[in-house]
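> Quick one: sequence plus predicted model below, questions after.
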Amino acid sequence: MKRLAQNPNVLIAFSLALATFLLYLRTLAPDVVDADGGEFQFAAWNFGFVHPTGYPLYLMLGGLFQHLVPIGNPAYRLNLFTALTAALAVAMVYLAVNQLTRHRAASMIAAASFAVSRTFWYDASAAETYAFNAFFVALLTYIALRWQADPTANKFATFCFALGLALTHHRTVLLWLPAFALFFLVSGFRFHASRLTHHVLRFTFSFLLPLLLYLYIPLRAPTSPYATLSLAPGRNLVLYDNSFAGFIDYVLGRTFQSEIGWNAASVSRLVIFPQQLLDQFSALGVILGLIGCVAMMWRREWARFVLLLAGFAATILFASIYHIGDIFHFYIPAYLVWAIWVGIGFGCVLDYVSHFTFHVSRILPPVAYGLLVTALLVLQFLTNFSFANRSGETRVREQWT
């Protein structure tokens, strides 16, 4: 608490996390949910395993949360845990944007706009892995920006550790590797040649250490009664092959490789993406995001712009070629980037208004701030609430009963 009082940015981030957590409590699913969410609720409680690529970090932390937090039933507790990870993601977006812009108002708007974006809010309201993945994308961006401001070996080792930890949760973080590589390259990544071997070993160790969490899968999967299901005499459905080859196939998600390809549906998804942005952020949010994107180029913030643009493009492209039914979840990191651009665009508008020199200049900035906040966030809230509200989602429990 002393740190909160001494650091305004940490206090603001904490306040945003608390406010969004309370919002997500209002829309939180009260019980068992269907599809992957129901699978996670069951597996985390039993410390079992789920479909590839395993999500060991989410299962371990979620399972501990289910057993240690005596609120509601185990299914509700994992919904609650997911809402908590979503609130932390919102706080991390604020810190990342503030590191990027040094503009608190703009950073708050970016974080709040992301918090009430349609798909992220929906996933924050029940057990799912995508909110936690957004937290890691924002965390890695924040650490990278901190490194750019003060390029020390300690900060880069922290980035490597966070990257390894992120990969124990969701493999789509791999899509961001080229973006981060370009960022460090354009930023002038270098260390003293005399300690190069030491640094390489340290960074490699920092990256690989959290990957040991994947041992959860071969340790827990064989103890799960559903690792092999008997369908009929002589007919077994093997959900996890407890061998080295089986483990590699499982972690790499090779089961889903046949779903990847470029076809007419891929083109369709690219064509409708602008409409998806409108659904998430409203027309004003799209305009502010465009302003923010152009502003980064205008200011020649090339390393930061390359990081965001490459991550944004990789996310959209992958979502276009990955042909699964619930692909809409995979766009969330792209929406996170757009929210950052919304914050930058918002800051540009405020800076422009503040430069007016006529006699009403003192009241224009706060008035403009209030109007923009109202027009953006209230519209997003009203538009997305009904979609994200899962508080009445009792159908799955009733079906099972």
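Yep, that arrived.
> first to last residue in stretch 203-219, what's the distance?
Counting by CA to CA, to the nearest Å, you get 27 Å between the two ends of stretch 203-219.
> That stretch: which residues count as buried?
Buried residues in stretch 203-219, counted by 16 or more other CB atoms under 10 Å: Phe203, Ser206, Phe207, Pro210, Leu213, Tyr214, Tyr216, Ile217, Pro218. Yep, even glycine has a C-beta here, placed from its N, CA and C like the rest.
> what do you get for stretch 164-177?
So stretch 164-177, judged by 16+ other CB under 10 Å, has buried residues Gly164, Leu165, Ala166, Leu167, Thr168, His169, His170, Arg171, Thr172, Val173, Leu175, Trp176.
> Identify the residue spatially nearest to the spatially most central residue of the chain, adjacent ones excluded.
The centroid of the chain falls nearest to Ala134 when counting by CA atoms, centre = their mean (0.6 Å). Spatial nearest neighbour of Ala134, chain neighbours left out: Ala89 (4.3 Å); criterion: CB to CB, 6 or more residues apart in numbering.
> Give the other helices and strands that the helix or strand where the residue nearest to the centre of the chain lies contacts.
Applying DSSP states H and E as the criterion places Ala134 in helix 130-149. The elements that helix 130-149 packs onto, with contact taken as 3 or more CB pairs under 8 Å, 6 or more residues apart in numbering; DSSP states H and E, are helix 74-101, helix 118-124, helix 153-167, helix 177-186, helix 302-321, helix 332-354.
> ok, 10 Å please
On a contact count with 3 or more CB pairs under 10 Å, 6 or more residues apart in numbering; DSSP states H and E, helix 130-149 meets helix 56-68, helix 74-101, helix 104-115, helix 118-124, helix 153-167, helix 177-186, helix 302-321, helix 332-354.
> Out of the ones you listed, the one nearest Ser391 is which?
Closest of the helices and strands packed on helix 130-149 to Ser391 is helix 74-101, at 10.3 Å (criterion: CB to CB).
> what angle sits between that closest one and helix 332-354?
Helix 74-101 and helix 332-354 meet at an angle of 40 degrees, taking axes from the mean of the first three to the mean of the last three CA atoms, to 10 degrees as the criterion.
> ok so, going back, the residue nearest to Ala134: what's it in contact with?
Contacts for Ala89 (CB atoms under 10 Å, 6 or more residues apart in numbering) come out as 17, 20, 111, 114-115, 120, 124, 130-139, 332, 336.
> Mind doing that once more with 6 Å?
Ala131, Ala134, Phe135, Ala138 (CB atoms under 6 Å, 6 or more residues apart in numbering).
> Generate TSV for the helices and strands packed on helix 130-149, with distance to Val10 as supplementary columns.
Putting those into TSV (distance: least, CB to CB, whole Å) gives the following:
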stretch	distance to Val10
helix 56-68	22
helix 74-101	8
helix 104-115	12
helix 118-124	22
helix 153-167	17
helix 177-186	24
helix 302-321	22
helix 332-354	18
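> so which of these gets nearest Ala29?
For these, proximity to Ala29 was assessed by CB to CB; helix 74-101 is nearest, at 5.1 Å.
> Count the neighbours of the spatially closest residue to Arg171 that is not a sequence neighbour for me.
Closest residue to Arg171 apart from its sequence neighbours, by CB to CB, 6+ apart: Thr53 at 4.9 Å. When counting by other CB atoms under 10 Å, one arrives at 21 neighbours for Thr53.
> What distance do you get for the closest residue to Gln99 other than its chain neighbours to Arg304?
In this structure, Gln99 finds its nearest non-sequential neighbour in Leu145, 4.3 Å apart by CB to CB, 6+ apart. When distance is defined by CB to CB, to the nearest Å, Leu145 is 7 Å away from Arg304.
> What of Asn263?
Using CB to CB, Asn263 is found at 34 Å from Arg304.
> of those two, who's got more company?
A side-by-side neighbour count of Asn263 and Arg304, using other CB under 10 Å, places Arg304 first with 22 against 10.
> which residues touch that one?
If you count contacts by CB under 6 Å, 6+ apart, Arg304 has none.
> Check it and give its pLDDT.
If you check Arg304, the pLDDT there is 96.
> coming back round to it: okay, the angle between the helix holding Ala134 and helix 302-321?
Using the same axes, to 10 degrees: helix 130-149 against helix 302-321 is 160 degrees.
> per-residue confidence averaged over helix 130-149?
97.
> what's the spacing between that helix and its chain's center?
When distances are taken as CA atoms, centre = their mean, to the nearest Å, helix 130-149 is centred 9 Å away from the chain's centroid.
> quick one on the thing from earlier: compare the helices and strands packed on helix 130-149 and give me the one nearest Arg395.
Arg395 lies closest to helix 74-101 among these, at 13.3 Å (CB to CB).
> Next, the angle from that closest one to helix 104-115.
Using the same axes, to 10 degrees: helix 74-101 against helix 104-115 is 150 degrees.
> So Ser113 sits against Ala339, correct?
Yes - contact criterion CB atoms under 6 Å: Ser113 and Ala339 qualify, at 5.0 Å.
> Compare those two and say which one has the larger neighbour count.
Each of Ser113 and Ala339 had its neighbours counted (other CB under 10 Å), and the higher figure belongs to Ala339 (32 against 29).
> Excluding covalently adjacent residues, which one is nearest to the more buried one?
Phe114 (3.6 Å).
> Now do the same contact list for the one you found.
Counting by CB under 6 Å, 6+ apart, Phe114 makes contact with Val93, Leu336, Ala339.
> With Ala134 instead?
By CB under 6 Å, 6+ apart, the contact list for Ala134 reads Ala89, Ile332, Leu336.
> hmm, back to that, and the residue nearest to Gln99, how far from Arg300?
16 Å.
> Between those two, point out the one with more neighbours.
Comparing Leu145 with Arg300 by other CB under 10 Å, the one with more neighbours is Leu145, at 20 against 8.
> follow-up on the earlier one: so which of the contacts of Ala89 is the most crowded?
Ala131 (29 neighbours).
> so how far is Ala86 from that residue?
In terms of CB to CB, Ala131 sits 4 Å off from Ala86.
> Now the common contact residues for those two.
Common contacts of Ala131 and Ala86 (CB under 6 Å, 6+ apart): Ala124.
> picking up where we left off before, how near is the residue nearest to Gln99 to Leu78?
Using CB to CB, Leu145 is found at 32 Å from Leu78.
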